[in-house]
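Engineer: Fold the following and give me the result.
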Amino acid sequence: MPTPRPSRRDILTMAAAAPALTLPVAAQSAVLAAPGSQSNAGYMRFTLGDAAITIVSDGALVLPTSGLGVNADPEEVQAFLTRYFLSPEENYSHTNHMVIELGDAVVLVDVGSGNRFVDTAGRLMDNLSAAGIDPDAITHVLITHAHPDHIWGIRDDFDEAILPDAAYFMGRAEHDFWMADGRVSSMPTELQQFAVGAVNSISVEGAEWTLLDDGQEIAPGIRVIASPGHTPGHMSVVVESNGAQLMALGDALTHAWMNFDRPDWVNAFDMDAEQTVASRKRLLDMAAADRIAVLGYHFPFPGVGHVMAEGDAYRFVPSVWRW
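Structural biologist: Numbers count the residues shown, from 1 in each chain. Okay, here's the model as predicted:
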């Protein structure tokens with residue numbers, strides 16, 4: 001199943017800041033504007049068994065909705081977004097990172113985009129500090145996949161690893177895909193900048209990579225699950241402690257409504273459409289059957305909830321915050 005690729009125009013029209021959403025008059029009551037001069041918190045904490053979990057934001061991305069449901073009727077996609085009180089023009093999505101403190105390990109999942117991508121993201125390090133997390137205390141960095149908003153923040157302004165004392169992990173298939181000879185020139189023109197950024201990030205000075213296969217642990221209670229499709233070696237992450245489980249989905253699912261209600265619809269950045277759908281449904285079935293909590297990287301902050309099966313579809317049920 002071929003997947004339409006995002007055009008250069010789609011990539012370059014990511015907004016530097018999210019403008020007010022434009023919705024039909026009937027949906028205007030659902031629009032919430034930016035907070036103005038005040039800033040919302042960029043982190044949220046909870047526990048999972050003996051694990052302390054902090055969700056830390058890297059900011060947000062703004063993309064055209066033309067990249068959603070690219071294998072579906074565009075009018076049906078627009079109707080879906082409008083029905084869910086979402087902009088039919090702009091897809092505003094959050095970037096939710098997980099910090100896991102379990103035993104002697106302090107694990108950061110993905111490193112954000114730093115200052116190399118869009119102005120609305122790149123806030124991870126500031127929000128780690130705001131959350132009281134010392135970057136030097138991070139023992140493990142786990143990369144779900146090598147797209148810009150997940151790995152470009154690995155380098156500091158001197159092109160060295162921003163967390164030089166951490167151990168770095170990523171999927172073997174993901175590493176081998178991006179680092180293959182001739183990878184950049186083999187990519188579609190509009191995606192070559194993604195490939196260059198992936199190669200530069202993986203090759204950063206000061207990061208020694210441990211490559212992972214499906215099911216491997218990086219620390220006691222923290223393992224990866226192969227979930228290819230969005231990229232060839234995409235990995236999801238499972239934390240388990242005292243019988244409680246949480247699965248960080250990475251970009252196996254990127255939309256908290258569409259990917260659940262229409263799991264067969266794929267997005268422009270899903271590199272293998274058929275494999276994306278297969279991985280997505282497998283994770284959804286696993287989470288629903290075993291009542292595993294999930295974290296969606298691009299879900300509304302903090303992005304944590306559960307999966308409820310509804311016939312051939314699913315529903316994301318956000319978890320209740322506790323103060």
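Engineer: Just the C-alphas of the helix or strand where Ala198 lies, formatted as PDB.
Structural biologist: Element membership for Ala198 (DSSP states H and E) is helix 192-202. Extracted C-alpha coordinates of helix 192-202, given in PDB (Å, rounded to 0.1, in the frame of the first residue of the first chain):
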ATOM      1  CA  GLN A 192      16.300  14.200   2.300                       C
ATOM      2  CA  GLN A 193      16.600  16.900   4.900                       C
ATOM      3  CA  PHE A 194      15.000  14.400   7.400                       C
ATOM      4  CA  ALA A 195      17.600  11.800   6.400                       C
ATOM      5  CA  VAL A 196      20.500  14.200   6.800                       C
ATOM      6  CA  GLY A 197      19.300  15.200  10.200                       C
ATOM      7  CA  ALA A 198      18.900  11.600  11.200                       C
ATOM      8  CA  VAL A 199      22.400  10.700  10.100                       C
ATOM      9  CA  ASN A 200      23.900  13.700  11.800                       C
ATOM     10  CA  SER A 201      22.000  13.000  15.000                       C
ATOM     11  CA  ILE A 202      23.000   9.300  15.200                       C
END
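Engineer: next helix or strand past it?
Structural biologist: strand 209-212.
Engineer: So which elements touch that following strand?
Structural biologist: Judged by 3 or more Cβ pairs under 8 Å, 6 or more residues apart in numbering; DSSP states H and E, the packing partners of strand 209-212 are strand 167-171, helix 172-178. C-beta here means a position set from N, CA and C on the backbone, and glycine is covered the same way.
Engineer: Quick one: those as a markdown table, columns for mean pLDDT, distance to Ala256 and mean neighbour count too.
Structural biologist: Rendered in a markdown table, the data for those read as follows (pLDDT from 0 to 100; distance: least, Cβ to Cβ, whole Å; neighbours: other Cβ atoms under 10 Å):
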| stretch | mean pLDDT | distance to Ala256 | mean neighbour count |
| --- | --- | --- | --- |
| strand 167-171 | 98 | 24 | 23 |
| helix 172-178 | 98 | 24 | 20 |
